[in-house]
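**Student:** sequence first, then the predicted structure:
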Number of protein chains: 2
Amino acid sequence: MIPTITAFEQSPDRGQGLARDMRVRWALEEVGQPYDVRLVSFTEMKEPAHRALHPFGQIPTYEEGDLALFETGAIVFHIADSHAGLLPDDANARARAITWMFAALNTVEPPIVELEQAPYAERDKPWYEERLPIMEDRVRGRLDDLSKRLGDADWLDGAFSASDLMMVMVLRRLEGSGILEEYPNLCAYVSRGQARPAYIRAFEAQLAVFTPTSAG
Amino acid sequence: MIPTITAFEQSPDRGQGLARDMRVRWALEEVGQPYDVRLVSFTEMKEPAHRALHPFGQIPTYEEGDLALFETGAIVFHIADSHAGLLPDDANARARAITWMFAALNTVEPPIVELEQAPYAERDKPWYEERLPIMEDRVRGRLDDLSKRLGDADWLDGAFSASDLMMVMVLRRLEGSGILEEYPNLCAYVSRGQARPAYIRAFEAQLAVFTPTSAG
């Protein structure tokens, strides 16, 4: 059965692939699972029909027959759990890959989101400029540890897995901040992710939504 | 094989059960799995031996034979995945429970952590008082949605699961802020979690670390 995901009708990032549907598209491309996309407007996202799928009124959602999921971590895990290719077969290696998925979302991403959202919420506040280095240092605290652990490995724990997919997408949220560039091994890690054929297919698919067709 | 977890040697919260080992203890109690605890000091947490287990130098960790895990989400998932009692058998219900685990950790917890940590990082800053309501409203945004979805149900999706364990612990971090009290159904939800025998056993076990024995 072909699953249906939701994505933004209008792109807050002009198709840079930072919206969270990119994570799900990439996972689906990695496992070779075709999918349909339903675009939703910002108004629709907050209406009851969409909230029945996503209690927090966001994208993406994932529908597959009777099953409806939200949260990219859970959707990517479901895809990885029900297809070969995104989680190791060995039980311990699988548990460690899942650990890194949670680490990407609960330890690394929150200070990055705080830094990313501050300009929207607080740019006009008198404290914005002074708080910026505090937020940046909080991100660096996480990246210092992550960079040391990754070292010169290609991926977080052996072969590429759903955890790398998630961590690469989390780190991409730092684009434009200049912080990731302080960690050459993390930059190379993100580039390795972006070079994967499945990433490229997913990126092109999300970009196509916001690119006028020549027929249009 | 009896797993070993790590916990704080000295309690930042004086045994209120807000440290993250409480989540793992509760999960282990729910499934009836005995466990050992190794206490670590704040200094030891940042040293290489502990960082080999936890790249971000935090607690808890989880060791079980050859397997070493960190991140409470991943540890609780591993416990739930390898024992009966914390995830539904039905595949779709299981996927939905995992969705709520990720939602607790990636959608609900981050603004709560931001609010909780601000006094430590920024209480002496001139903007602290003015930023407080901004942070509180960010938390309320999540709780509004969560409260509506929970409604008058006992648990997030059918029977009690690992997702409720995680969400109850995330909501407990609001204690003392007065915000949770604005949502009577969420207060009742947290109380239901705290009334479970497994919760009570876990709470007493973590408290005992910080309670002088009469023999002492």
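**Tutor:** Noted; the coordinates are in hand.
**Student:** so A:L39 sits in a helix?
**Tutor:** No: read with DSSP: H, G, I helix; E, B strand; the rest coil, A:L39 is strand and lies in no helix.
**Student:** in contact with it, which residues?
**Tutor:** A:T6, A:A7, A:F8, A:E9, A:V209 (C-beta atoms under 8 Å, 6 or more residues apart in numbering or on different chains). (C-beta placed from N, C-alpha, C; glycine too.)
**Student:** which stretches of chain A form strands?
**Tutor:** Taking DSSP state E as the criterion, chain A carries its strands at A:4-8, A:36-40, A:61-64, A:67-70.
**Student:** what helices or strands is the last one leaning on?
**Tutor:** Using 3 or more C-beta pairs under 8 Å, 6 or more residues apart in numbering or on different chains; DSSP states H and E, the elements in contact with strand A:67-70 are strand A:61-64, helix B:91-103.
**Student:** break chain A down into its domains, please.
**Tutor:** A:4-85+A:199-209, A:91-196 (automatic domain parsing).
**Student:** make CSV out of those and add mean pLDDT.
**Tutor:** Converted to CSV, the domains of chain A look like this (pLDDT from 0 to 100):
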stretch, mean pLDDT
domain A:4-85+A:199-209, 96
domain A:91-196, 96
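**Student:** can you pull the buried residues of the top helix by length along chain A?
**Tutor:** Scanning chain A for the helix with the most residues, using DSSP state H, yields helix A:128-150. For helix A:128-150, a neighbour-count test (16 or more other C-beta atoms under 10 Å in any protein chain shown) marks A:131-132, A:135-136, A:138-140, A:142-143, A:145-147, A:149-150 as buried.
**Student:** got a list of contacts for it?
**Tutor:** Residues from elsewhere that reach helix A:128-150, judged by C-beta under 8 Å, 6+ apart: A:107-108, A:111-112, A:114-115, A:118-119, A:122, A:156, A:167, A:174, A:177, A:179-180, A:182-183, A:185-186, A:189, B:51, B:55-57, B:121-122, B:125, B:127.
**Student:** could you do stretch A:193-203 as well?
**Tutor:** Residues from elsewhere that reach stretch A:193-203 (C-beta under 8 Å, 6+ apart): A:G17, A:M22, A:R25, A:W26, A:L28, A:E29, A:E30, A:F160, A:D164, A:L165, A:V168, A:M169.
**Student:** how about those residues, which pair is most distant?
**Tutor:** The span of those, defined through C-beta to C-beta, is set by A:G17 and A:F160 at 18.0 Å.
**Student:** tell me the contacts of the closest residue to A:F70 other than its chain neighbours?
**Tutor:** Closest residue in space to A:F70, ignoring its immediate chain neighbours: A:H54 at 4.2 Å, by C-beta to C-beta, 6 or more residues apart in numbering or on different chains. Residues near A:H54 by C-beta under 8 Å, 6+ apart: A:T6, A:M45, A:T61, A:F70.
**Student:** who's the third one bridged to?
**Tutor:** Spelled out, it's A:T61. In this entry, A:T61 is beta-bridged to A:F70, by DSSP bridges.
**Student:** surely it and A:L53 touch.
**Tutor:** Yes: counting by C-beta atoms under 8 Å, A:T61 touches A:L53, with 4.3 Å between them.
**Student:** joint contacts of those two?
**Tutor:** Residues touching both A:T61 and A:L53 by C-beta under 8 Å, 6+ apart: A:T6, A:A68, A:F70.
**Student:** A:I59 and chain B, how far apart?
**Tutor:** 13 Å (C-beta to the nearest C-beta, to the nearest Å).
**Student:** gap between A:V170 and A:V31?
**Tutor:** The gap separating A:V170 from A:V31 is 20 Å, by C-beta to C-beta, to the nearest Å.
**Student:** the more surrounded of those two?
**Tutor:** Remark: of A:V170 and A:V31, A:V170 carries more neighbours, 22 against 15, as counted by other C-beta atoms under 10 Å in any protein chain shown.
**Student:** for that one, what are its contacts?
**Tutor:** By C-beta under 8 Å, 6+ apart, the neighbours of A:V170 are A:A104, A:L105, A:V108, A:E109, A:I112.
**Student:** for A:M45, which non-adjacent residue is closest in space?
**Tutor:** Spatial nearest neighbour of A:M45, excluding adjacent residues (C-beta to C-beta, 6+ apart): A:G57 at 5.1 Å.
**Student:** quick one: neighbours of A:L67, just the number.
**Tutor:** Neighbour tally, A:L67, other C-beta under 10 Å: 16.
**Student:** do you have the helices of chain A handy? List them.
**Tutor:** Going by DSSP H, chain A shows helices at A:21-31, A:42-45, A:48-53, A:72-82, A:91-102, A:109-122, A:128-150, A:162-172, A:184-194, A:197-209.
**Student:** hey, C-alpha coordinates of the third one in CSV?
**Tutor:** C-alpha atoms of helix A:48-53 as CSV (Å, rounded to 0.1, in the frame of the first residue of the first chain):
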residue,chain,number,x,y,z
PRO,A,48,-9.8,19.9,12.9
ALA,A,49,-9.3,17.6,9.9
HIS,A,50,-5.6,17.9,10.0
ARG,A,51,-5.4,18.0,13.8
ALA,A,52,-7.1,14.6,13.8
LEU,A,53,-3.9,13.4,12.1
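**Student:** and it, what does it pack onto?
**Tutor:** strand A:61-64.
**Student:** by contact count, what packs against the strand it packs on?
**Tutor:** With contacts taken as 3+ C-beta pairs under 8 Å, 6+ apart, strand A:61-64 sits against strand A:4-8, helix A:48-53, strand A:67-70.
**Student:** and if we set it to 6 Å?
**Tutor:** strand A:4-8 (3 or more C-beta pairs under 6 Å, 6 or more residues apart in numbering or on different chains; DSSP states H and E).
**Student:** ok, and for the strand it packs on, which residues are buried?
**Tutor:** By 16+ other C-beta under 10 Å, the buried positions in strand A:4-8 come out as A:I5, A:T6, A:A7, A:F8.
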